[in-house]
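Visitor: Just a sequence and a predicted model for now, questions to come.
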Amino acid sequence: VPYWIFVGISPLLYMRDLGVGLAHFGYYQGVLALVFASGSIVYGLIIRSSDYNQEKMLYVSIQILAISLIIIILVAVLDSFNPLLITLAFLPFIVGQIIPSTILYPLCLNFMPQAKGRVSAIIQGGRLIFAALGLQIAGYFYQGSFQNVGIIISSFIFIAVITLFFVMQNRELMKAM
């Protein structure tokens, strides 16, 4: 959800309020996609490793997401008008979200093997509903700077960290891994 809030608001923020031209805006958005793609490939190679442990990887993810939360809050509080700094602040979140999405999505699908299609539809639908709500909230409070957007994104990252923590406390789920 934080990613979609950022993607939805960033054209307005970067091009209208931070003065980034359309020709350069693609670089800022493109680097996010490049980092996600590269991180996914690297994580795919890590999965093949003999000492790979899903539970440890989820702990690593929580740490990365916590770091990203701190960085985004800091950039939001400083009310940065530097598009490069804002983009760089968002990169740890991009990396941190790769691990849980790769581990937990297939796990959710296998919870009800006879209903994988329905489970997938519910997950995707829920994600889109939360993204739409988050984008609506961000649009409503948008003031021409990253500050309010950063606070809203930070709130959703905080919810994600807490949710991931509780998922990891679920012994039944952790046994299934």
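Guide: Yes, it's here.

Visitor: How are the helices of the protein distributed by residue range?
Guide: All helices of the chain, identified by DSSP state H, fall at 2-11, 22-47, 54-77, 83-111, 116-141, 146-169, 171-176.

Visitor: ok, and for the third one, which residues are buried?
Guide: Meaning helix 54-77. The neighbour-count check on helix 54-77 (16 or more other C-beta atoms under 10 Å) flags 54, 57-58, 61-62, 64-66, 68-69, 71-73, 75-76 as buried. The way it works is simple: take the backbone N, C-alpha and C, and place the C-beta from them, glycine included.

Visitor: Tell me the one among the residues you listed nearest to Ile41.
Guide: Taking C-beta to C-beta as the measure, Ile41 sits nearest to Met57 out of these, at 15.4 Å.

Visitor: how many neighbours does Leu135 have?
Guide: The tally of other residues near Leu135 (other C-beta atoms under 10 Å) stands at 18.

Visitor: surely it meets Ile5?
Guide: Yes: judged on C-beta atoms under 8 Å, Leu135 makes contact with Ile5 at a distance of 5.4 Å.

Visitor: among the helices of the chain, which is the most enclosed?
Guide: helix 2-11 (a mean of 20; mean count of other C-beta atoms under 10 Å).

Visitor: Any idea how far it is from the middle of the chain?
Guide: In terms of C-alpha atoms, centre = their mean, to the nearest Å, the centre of helix 2-11 is set 11 Å apart from its chain centre.

Visitor: do the same with stretch 100-116
Guide: 19 Å.

Visitor: do the same with stretch 149-157
Guide: For stretch 149-157 - counting by C-alpha atoms, centre = their mean - the centre lies 11 Å from the chain centre.
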